[in-house]
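J.: sequence first, predicted coordinates after that:
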Amino acid sequence: MDDEIAATYDDFGRRWAHDTSPLYEEWATGIAADADMLGLLRRLPNARRQPTLIFAAARWEGAPLAPYPEWRNWLLANGDRVIATALERTTQTNEPNRCATWLPPLSLIEGPIALLEVGTSAGLCLYPDRYSTEYTTPAGVVRVDPDSGPSGVLLACSLDDASAVPARMPDVVWRRGIDLNPIDAADPDAVAWLATLVWPGPHHDARVARLHAAARIAAADPPQIVRGDLLDRLEDVAAEAPADATLVVFHSAVLLYLNAEQRRRFADLVARLGQAIGRDVVWLSNETKGTLPEIDAQVPADADTSHRFVQTRDGVAIAMAGQHGALYETLPFRGRASGRS
């Protein structure tokens, strides 16, 4: 068991935190080689040992943002409190900047559009049409604003191809979410926990301010978020979408929390969804490589997958999307279907 936990933390530090959160990289790789810390984590069920959850729980309980030796000593002295928080709360990172990577494919879908996000947390990614985005392209910076004018939430994303800049905002007429533990964007404690889940480091400082600004938009016009398992609730919630709208089912970093059999069930369920509910359905996915083998097979061998999701439309890989929405790369998949409706 220790070997498995150590491998998880070592992979998180070297693959995901590297070059983006030096402190989390140091903490994760430190734990991977620390028998006492691995023993502490053994007290938790497997689903509660995630690095992001443990690190956020420690920070929530007052752990210092300090080098590993100091942080380790604090955690060993306060392990009971951290474990209690890790058992009570969940990893529900809700990064509105991911909407910068959703806009390109959404802008190609003729409206009206009904959005259904699985694993929606507080629903901050249900408002891609309410945020402004600055896209940095090889041809310069292009700003895209909502139809109503500039937003109080400004997203930032680097594109490798200027032609991928959205030419318009999607016409969203319906928004729903499904989550095991829905979060109320108007709840200060819940939003504070979401902010604690944001990694420390210069690359992430802007994310906290953006999260609070997006939460204010969601609180002013709350989405309906249905409590439940995505495998159980997808079809019945999807059936509520307006019949004259294209239903877009989307998600980011959700399927990694399912096992291989559950991922297959979900993919098959989405593939049959349009026929089951009598609607036009588009499936957009941002998930890490290793989630579904048929998607992995479409990723070029020389594509950089670090800190990136493979973005797909209806099971076809169309782009690499930064894990926190900071980049969008279409060139690795040039020549594939455009995804226009």
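T.: Now that the structure is in, tell me what you want to look at.
J.: P45 - how many residues pack around it?
T.: By the measure other CB atoms under 10 Å, the count of residues near P45 is 8. Where you see a C-beta, it was placed from the backbone N, CA and C, and this is true even at glycine.
J.: 683 is where my numbering starts, stick with that
T.: From this message on, residue numbering opens at 683, which makes the last subject P727.
J.: quick check: it vs D684, distance?
T.: 15 Å (CB to CB, to the nearest Å).
J.: now L1013
T.: 42 Å.
J.: now do the strands for this structure: every range, in order, please.
T.: Listed from the start of the chain, the chain has strands (DSSP state E) covering 795-800, 814-819, 822-826, 836-841, 854-861, 906-909, 928-934, 963-969, 990-995, 998-1004, 1009-1011.
J.: output the contacting helices and strands for the fifth one.
T.: What it means is strand 854-861. With contacts defined as 3 or more CB pairs under 8 Å, 6 or more residues apart in numbering; DSSP states H and E, strand 854-861 has these neighbours: strand 795-800, strand 906-909, helix 912-920.
J.: what residues sit buried inside the shortest one?
T.: By that I understand strand 906-909. Buried positions in strand 906-909, judged by neighbour count with 16 or more other CB atoms under 10 Å: I907, V908.
J.: tell me the strands beside that strand, with direction?
T.: Within its sheet, and counting by DSSP bridges, strand 906-909 is paired with strand 854-861 (parallel).
J.: can you give me the buried ones in the partner strand?
T.: Residues of strand 854-861 classed as buried: V854, W856, R857, R858, G859, I860, D861 (neighbour count, 16+ other CB under 10 Å).
J.: over to stretch 859-875?
T.: Going through stretch 859-875 with 16+ other CB under 10 Å, the ones that come out buried are G859, I860, D861, P864, I865, D866, A867, A872, V873, W875.
J.: what does that stretch contact?
T.: Residues external to stretch 859-875 that are found in contact with it (CB atoms under 8 Å, 6 or more residues apart in numbering): 738, 742, 771-772, 774, 776, 798-806, 808, 876, 893-894, 897-898, 900-901, 904-912, 915-916, 919.
J.: that one: end-to-end distance?
T.: For stretch 859-875, the first and last residues are 19 Å from each other (CA to CA, to the nearest Å).
J.: likewise for stretch 869-885?
T.: Taking CA to CA as the measure, stretch 869-885 stretches 26 Å from start to finish.
J.: next: stretch 993-1007.
T.: This stretch, stretch 993-1007, spans 11 Å end to end (CA to CA).
J.: adding distance to A782 and mean pLDDT, write the strands of the chain out as TSV.
T.: Formatted as TSV, the entries for those read as follows, by distance: least, CB to CB, whole Å; pLDDT from 0 to 100:
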stretch	distance to A782	mean pLDDT
strand 795-800	15	98
strand 814-819	5	98
strand 822-826	9	97
strand 836-841	4	96
strand 854-861	16	97
strand 906-909	22	96
strand 928-934	12	97
strand 963-969	11	98
strand 990-995	12	97
strand 998-1004	9	97
strand 1009-1011	7	97
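J.: distance to W881 added to these, as CSV?
T.: Compiled in CSV, those are given as follows (distance: least, CB to CB, whole Å):
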stretch, distance to W881
strand 795-800, 22
strand 814-819, 21
strand 822-826, 26
strand 836-841, 17
strand 854-861, 21
strand 906-909, 24
strand 928-934, 16
strand 963-969, 18
strand 990-995, 16
strand 998-1004, 13
strand 1009-1011, 16
